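Chemist: Sequence plus predicted model, see below.
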Amino acid sequence: VEHYRIIYSSSKLSIDEEVYFENLMQLVEHYTSDADGLCTRLMKPKVMEGTVAAQDEFSRSGWSLNMKDLKLLQIIGKGEFGDVMLGDYHGNKVAVKCIKNDATAQAFLAEASVMTQLMGIAIWSRCWG
C-alpha cells in the first residue's frame, strides 16, 4: 500500500504539482486510468471499517454539530449521496447533504474527511431518511 498526499493550491488538487484537478473525483478518475508517475494506477479504494468510528473522529475534531440547532428548510439540489437542503444554523444559511441510506454513509464520510482537510471553515452534517 502506498500513500500519497493531496496538495491543495489555488483551489485545485494535485499529487505531484504538475497535473491539477478541479475536484477529488477528477483526480481519482485520472489516476485510476493512468498511473502518471504513481507507482501504479489506482485499483480499488481502501474501505474504511465502521462509520461509528469515523463519526466519533468527526466529533472529536469539532466537525459535528448539534442537530437541535439546525433547521432544515427546503431541498435545493441533489448530490451523489442524496438531497442537498438549505438549512439554518444559528442564523446562518448552510447547505446540508442528506445521505440516502447507510450504504452511502461510508463514501460520504470519506468525502467529508478529505474536505475538512482542504477547507478552512465548513459545517458538515448528515440527516437520515
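Modeler: On my side now, so go ahead.
Chemist: Which parts of the longest strand along the chain count as buried, going by neighbours?
Modeler: Longest strand of the chain, by residue count under DSSP state E: strand 70-78. The neighbour-count check on strand 70-78 (16 or more other Cβ atoms under 10 Å) flags Leu70, Leu72 as buried. Where C-beta positions appear, they are placed from N, C-alpha and C, glycine not excepted.
Chemist: Could you do stretch 76-90 as well?
Modeler: Of all the residues in stretch 76-90, those buried under the rule 16+ other Cβ under 10 Å are Phe81, Gly82, Asp83, Met85, Gly87, Tyr89.
Chemist: what does the domain assignment say about this structure?
Modeler: 1-43, 66-118 (the TED database).
Chemist: follow-up on the earlier one: can you tell me which of the buried residues of stretch 76-90 lies nearest to Met25?
Modeler: Ranked by distance to Met25 (Cβ to Cβ), the buried residues of stretch 76-90 are led by Phe81 at 12.8 Å.
Chemist: Just list the residues touching that closest one, thanks.
Modeler: Lys97, Cys98, Ile99, Lys100, Thr104, Ala107, Phe108, Glu111 (Cβ atoms under 8 Å, 6 or more residues apart in numbering).
Chemist: quick one: which helix or strand includes it?
Modeler: Counting by DSSP states H and E, no helix or strand carries Phe81.
Chemist: what's it sitting at in phi/psi?
Modeler: Per-residue torsions, Phe81: phi -100, psi -10 (degrees, to the nearest 10).
Chemist: just the one 10 residues further on next, same as before
Modeler: According to degrees, to the nearest 10, the main-chain angles of Gly91 amount to phi 80, psi 0.
Chemist: now do the one 5 residues further on
Modeler: The phi and psi values for Val96, taken as degrees, to the nearest 10, are phi -120, psi 120.
Chemist: quick one on the thing from earlier: show me which of the contacts of Phe81 are buried.
Modeler: Lys97, Cys98, Ile99, Lys100, Phe108, Glu111.
Chemist: For whichever strand or helix holds Met25, list every residue counted as buried.
Modeler: Assessed by DSSP H and E, Met25 sits inside helix 24-33. Across helix 24-33, burial judged by 16+ other Cβ under 10 Å covers Leu27, His30, Tyr31.
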